[in-house]
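J.: make a model of this:
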Amino acid sequence: MRIEPGTTYLIDRISIGGNITEGQYLESIDIFPSLRVDYFQGAARIYTDNIPVVNYTDNSEVSAWAKTCRGTDQINLTMTGSLNQLPSMVGIASVRIQVSLVVYAIPIQGFERKFESPWEPK
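T.: Numbering: from 1, shown residues only. All right, here's what the predicted structure looks like:
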């Protein structure tokens, strides 16, 4: 997802599913899959650690902020791990895992400063 300079992005929720049942997914895990979320052409992570994909999830909270001053950046998702083929998966040519994020773009200049400094009542 391309991110615009000067805009603050709130990554709020994540949903993960696949074309096999969750039971098949869990039974077939060889190396636990994990999801890396980064930007600045992969040089900066949005989350310090990878997000472990230990099961399917729907609308789970994963709040994080991202902002760039560059014009060529994008949010990247990279999933790594491996699954074994189970007898119940015969006939399934490939396993596809779908990941969706709820991301809010906040184009208000200085928005993030309200969270960087202590709140002061007016």
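J.: quick one, phi psi at the nearest residue to R96 once chain neighbours are set aside?
T.: What sits nearest to R96 in space, not counting adjacent residues and going by CB to CB, 6 or more residues apart in numbering, is N19, at 4.7 Å. For the C-beta atoms, the positions are set from N, CA and C on the backbone; glycine is no exception. Backbone torsions of N19, given as degrees, to the nearest 10, read phi -90, psi 10.
J.: ok so G23 is a helix residue?
T.: Yes. Using DSSP: H, G, I helix; E, B strand; the rest coil, the secondary structure at G23 is a helix.
J.: so what pairs up with the spatially most central residue of the chain in the strands?
T.: Nearest to the geometric centre of the chain sits V37, at 5.2 Å (CA atoms, centre = their mean). Note on V37: beta-bridge partners L77, judged by DSSP bridges.
J.: any idea how far it is from A44?
T.: 10 Å (CB to CB, to the nearest Å).
J.: got the contact list for M89?
T.: By CB atoms under 8 Å, 6 or more residues apart in numbering, the residues touching M89 are 20, 24, 28, 95.
J.: wait, which of those residues is closest to T68?
T.: Nearest to T68 out of the contacts of M89 is V95 (CB to CB; 32.9 Å).
J.: can you show me the helices along the protein?
T.: Ranges of helices within the chain are 22-28, 113-116, based on DSSP state H.
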